[in-house]
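Peer 1: here's a sequence, model it:
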Amino acid sequence: MTALGTPPASAATASAPARSGLGTRLARAPWGLYLAVAFAVLLLVAVVAPQVLTTHLPTAIDYQAALQPPSLAHPFGTDESGRDLYTRVVWGARDSLTIGLGAAAVSISLALILGTLAALGVKPIAVVIDRFVEIMFAFPALLLALLLIAIAGPSAATQVFAVGIGTAPGYARMIRGQILGARDSGYVEAATALGHSRWRILRAHILPNALRPLVAVFALSIGQSIVWASSLSFLGLGVAPPASEWGALLDAGRQYLTTAWWLVVIPGLVIVSVALAATTIGRHIQARLEKGERS
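Peer 2: Just a heads-up that it's a prediction; the model follows:
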């Protein structure tokens, strides 16, 4: 995954050597994409109807079954209160994915506004926005997220906006570059020579071609947002217990790392798997878009 505030390579500018990560290799392999889509469907079921995947409640306490390792009765083991970890992971998908999707939406929306104004706004506004984005991009994004949470207090909504605002500057720079590239292209020059209005050129030529990569970028940013939101929860700055959000599970389980490894390892593997699935799907969309541009 990319660092907070740094977007993945855009669909129009990514080079072949840069796309050599695990997500890209899985996207190129049919079975890798199938696994990613199947996992995404499983996550969707966990979000919409978690009771289909488990009959237990995430808050059901059984102290006699506390800290049991993975077994047939408890596939992911139990926590210090005897709660089934598999059930908590399944029910936690709703919180984790909602935060990830919300943060990605905030990030892309804010980046779209800033990037478009920086590329197409009048010069004084464009210059101000350029400097603002550069300052935001240079500012440690994790520190910015921590500052926002310190001001507003830890909550799911604060996580959404903190991660979204922290990752927006990198995407804004990418969108600005895409729009500038489309604006200087041959088809825009031809439309201008034919006497098309500026609004028609913007609506019909610049924005559709410049913003097409956002479909892939949004998919990639979901995994990134989930990782960073979970990191904030791991630091105790996310949703409060007894919520079963995945980062909160990591935070609760770290004190038992030497005696109950499954409380940290299994939620961590779930987070990595979600990020990898989102990256695989995003890279596949990106490859399809590039193939369409070359054809």
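
Peer 1: could you tell me the average pLDDT over stretch 177-187, please?
Peer 2: Per-residue pLDDT values across stretch 177-187 average out to 81.

Peer 1: hmm, I typed the wrong one, I wanted stretch 205-224.
Peer 2: Predicted confidence along stretch 205-224 averages 79 (mean pLDDT).

Peer 1: so where do the helices sit in this structure?
Peer 2: Per DSSP state H, the chain carries helices over the ranges 22-28, 30-48, 85-120, 123-138, 141-152, 156-183, 186-193, 198-201, 207-211, 214-234, 246-253, 262-294.

Peer 1: kindly reformat the ones you listed as a markdown table containing distance to Ala66 and mean neighbour count.
Peer 2: C-beta here means a position set from N, CA and C on the backbone, and glycine is covered the same way. Shown next, in a markdown table, are the helices of the chain (distance: least, CB to CB, whole Å; neighbours: other CB atoms under 10 Å):
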| stretch | distance to Ala66 | mean neighbour count |
| --- | --- | --- |
| helix 22-28 | 36 | 19 |
| helix 30-48 | 25 | 15 |
| helix 85-120 | 11 | 22 |
| helix 123-138 | 46 | 14 |
| helix 141-152 | 31 | 17 |
| helix 156-183 | 28 | 23 |
| helix 186-193 | 66 | 13 |
| helix 198-201 | 65 | 12 |
| helix 207-211 | 52 | 18 |
| helix 214-234 | 22 | 25 |
| helix 246-253 | 13 | 25 |
| helix 262-294 | 11 | 20 |
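
Peer 1: mind putting those helices into JSON lines with distance to Leu72?
Peer 2: Output for the helices of the chain, formatted as JSON lines (distance: least, CB to CB, whole Å):
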{"stretch": "helix 22-28", "distance to Leu72": "30"}
{"stretch": "helix 30-48", "distance to Leu72": "20"}
{"stretch": "helix 85-120", "distance to Leu72": "11"}
{"stretch": "helix 123-138", "distance to Leu72": "50"}
{"stretch": "helix 141-152", "distance to Leu72": "40"}
{"stretch": "helix 156-183", "distance to Leu72": "34"}
{"stretch": "helix 186-193", "distance to Leu72": "62"}
{"stretch": "helix 198-201", "distance to Leu72": "64"}
{"stretch": "helix 207-211", "distance to Leu72": "50"}
{"stretch": "helix 214-234", "distance to Leu72": "28"}
{"stretch": "helix 246-253", "distance to Leu72": "21"}
{"stretch": "helix 262-294", "distance to Leu72": "14"}
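
Peer 1: to Leu57, which of the ones you listed lies closest?
Peer 2: When those are compared by CB to CB, helix 85-120 sits nearest Leu57, at 7.0 Å.

Peer 1: helices or strands up against the closest one?
Peer 2: Other helices and strands packing on helix 85-120, by 3 or more CB pairs under 8 Å, 6 or more residues apart in numbering; DSSP states H and E, are helix 30-48, helix 123-138, helix 156-183, helix 214-234, helix 246-253, helix 262-294.
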